[in-house]
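In: coords below, sequence missing:
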């Protein structure tokens, strides 16, 4: 769990006649990420000849993608079995529904265009309803006439300039909305050149109306009747598509899936090399799956296969993280920054332990923790489809959908649940319940009274976190043969702890029996470890000393967030308590409402601020001690069969 699954690069050599079975076995095993083989004609391996049926599969795959997009989905839980790709292509050819689907789909699209046009007409007609004359009078060739939308604030100026430019012009206001005024305009055609600049200046746009349908009232009735008839036609066309889906949707899904699998095989063929009799392919396989994969390939090729381990650069290996169910949600936070390389430390387990501690310590309230836990539970249920998101205001729901999908929301919910539990535990320790203290027991740590002690605890938590990062860096340095790098990390670790002990001795002379001796030892250690770092990294290490100090002190933000939350909750609770029994009932109600709003605000801040700061302490203070990232996700040659056997 502390490292991604180790990878091995393998080479498979088989007879060309066994290629189909080899690819099928690889597909089923889902254990090998295929890589492009370097082809050498001198060795007898060259470009693979494209299969004759590749074009046919590509064409049919495109066709069935279109059918799936066009047909309304219906439930299908079955699985269809095919006897090879020839059977798939035969079933695809026998499925003669394209013309019917295309005809119905085209009909629906045409109806939708007409309905949208009628809707726009009806909205415009509503604004000119008081015009009792046939609209066709506005189409006279001798006039520039019609209804125009003019910015509301500019209407008077528009009318004045237009009637000045065309002495016989008419401009009347028919309706006014929030943004514009609807103006009836009629000017002689001969004044076109004079009035054109006025229209452009005031951005007057001619409103599209059905000028051939009589008066606005007559046009409205005809359009409504037409829209009703179009709606019925659309329903019939949709019913036709649904009827096709009921009969053939399952077959369409199964054939599309089978064609997709075959397409992946063709893409795989493009990565391998072939000679007259043999094929060669290479790729990365998780080490735990090497044995089962080799056995599967030998079975599919009747033993006529060579399975070799070849040397591959570790930095080229893809990354496959393997974490338990409770830890896995925190992979989201790791991936958000960068995927670790295959040979690196996987920080997911550390994230799953340390992040909730940071989160809980920053919230530190049982009530807030409980609300955050329930919020996380709700998000998780939305992610799994067990609850609806309709309880969330529409604006927030739309914003959230733009940020993340349901699956991601469920993952975030699990992380919040863990943080909520931690917040409740620290809340019990601090005796904080929505900012109030229970009278039945005293706080084990009082946030306000014991602030200096909490500051020391917070700083030492940070030092422990940074220490873990340095230990990871030392391990990776020796593992990858970068001894100088590892020794430099040892130097920084010793330098940090020497400085920490020295500061502790300076501020509390009672820590050691001989404070002066302790001071000399710390100074000597600082010099010794400084020399180690200097030899490893050069003189520039001196400029990094303030950075290390800032990283240690950065953990004080944990206490800052906690203190702000506790004080804000305490202030509003005290205000409410002091108003009860002393102030008028209206004042008490007002103070109670304000208290509730402040607590809600504090909870929202208690979700975002601890999350942001907790993640930042990992990305900046922790990751910089060992993490490189930029890993590539393991992408095996595989497909999840849902509709085919």
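Out: Cool, got the structure. Predicted model, so just to flag it, every value in this text is computed and none were measured.
In: name the helices or strands packed onto the helix or strand where residue 69 lies?
Out: Secondary structure from DSSP states H and E places residue 69 in helix 54-70. Using 3 or more C-beta pairs under 8 Å, 6 or more residues apart in numbering; DSSP states H and E, the elements in contact with helix 54-70 are helix 85-94, helix 98-127, helix 216-269. All C-beta atoms are positioned from the backbone trio N, CA, C, and that covers glycine.
In: Repeat the analysis, applying 6 Å as the threshold.
Out: Secondary-structure packing of helix 54-70 (3 or more C-beta pairs under 6 Å, 6 or more residues apart in numbering; DSSP states H and E): helix 216-269.
In: Quick check: mean pLDDT of the helix it packs on?
Out: On average, the pLDDT along helix 216-269 is 91.
In: Which helix or strand lies directly C-terminal to it?
Out: strand 273-274.
In: Do a quick rundown of the strands in this structure.
Out: 7-15, 33-35, 143-151, 170-176, 180-188, 205-206, 273-274, 278-286, 305-310 (DSSP state E).
In: Which of those sits closest to residue 439?
Out: strand 278-286 (57.4 Å; C-beta to C-beta).
In: That closest one pairs with which strands, parallel or anti?
Out: Pairing partners of strand 278-286, with direction, according to DSSP bridges: strand 7-15 (antiparallel), strand 33-35 (antiparallel), strand 273-274 (antiparallel).
In: So which bits of stretch 226-240 are buried?
Out: 227, 230, 234, 237, 240 (16 or more other C-beta atoms under 10 Å).
In: so who does the residue nearest to the last one when sequence neighbours are not counted touch?
Out: I take that to be residue 240. In space, and not counting its chain neighbours, residue 240 is closest to residue 104: 4.9 Å by C-beta to C-beta, 6 or more residues apart in numbering. Going by C-beta atoms under 6 Å, 6 or more residues apart in numbering, residue 104 touches 237, 240, 241.
In: Redo the strands of the chain as TSV? Include mean neighbour count.
Out: As requested, the strands of the chain are exported to TSV (neighbours: other C-beta atoms under 10 Å):
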stretch	mean neighbour count
strand 7-15	19
strand 33-35	20
strand 143-151	20
strand 170-176	15
strand 180-188	21
strand 205-206	13
strand 273-274	21
strand 278-286	22
strand 305-310	13
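In: Output the buried residues of stretch 226-240 in TSV; the columns should cover distance to residue 9.
Out: As requested, the buried residues of stretch 226-240 are exported to TSV (distance: C-beta to C-beta, whole Å):
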residue	distance to residue 9
227	65
230	62
234	57
237	55
240	54
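In: between these, which is closest to residue 563?
Out: Taking C-beta to C-beta as the measure, residue 563 sits nearest to residue 234 out of the buried residues of stretch 226-240, at 62.1 Å.
In: Surely the closest one is in contact with residue 112?
Out: No: under the criterion of C-beta atoms under 6 Å, residue 234 makes no contact with residue 112, lying 7.4 Å away.
In: give me the low-pLDDT residue ranges for the stretch 401-550 of the chain?
Out: For the stretch 401-550 of the chain, the stretches with pLDDT under 70 are 401-403.
In: now the helices for it?
Out: 406-430, 451-479, 483-507, 515-537, 541-554 (DSSP state H, counting those that start in this stretch).
In: between the ones you listed, which gets nearest to residue 590?
Out: So among the helices of the stretch 401-550 of the chain, helix 406-430 is nearest, using C-beta to C-beta, at 27.8 Å.
In: Now do the contacts for residue 536.
Out: 484, 487, 488.
In: repeat for residue 194
Out: By C-beta under 6 Å, 6+ apart, the neighbours of residue 194 are residue 165.
In: Repeat the analysis, applying 7 Å as the threshold.
Out: For residue 194, the contacting residues are 165, 166, by C-beta atoms under 7 Å, 6 or more residues apart in numbering.
In: now residue 413
Out: 376, 377, 378, 379, 380, 383.
In: now the closest residue to residue 512 other than its chain neighbours: how far from residue 490?
Out: Nearest non-adjacent residue to residue 512, counting by C-beta to C-beta, 6+ apart: residue 518, 4.1 Å away. Going from residue 518 to residue 490 by C-beta to C-beta, to the nearest Å gives 22 Å.
In: try residue 514
Out: Taking C-beta to C-beta, one finds residue 514 at 27 Å from residue 490.
In: more crowded one of the two?
Out: residue 490 (19 against 10; other C-beta atoms under 10 Å).
In: Count the neighbours of residue 471 for me.
Out: 16.
In: Chain neighbours aside, what residue packs nearest to it?
Out: residue 493 (7.5 Å).
In: Surely residue 340 touches residue 350?
Out: No: Residue 340 lies out of contact with residue 350 (C-beta atoms under 7 Å); the separation is 11.5 Å.
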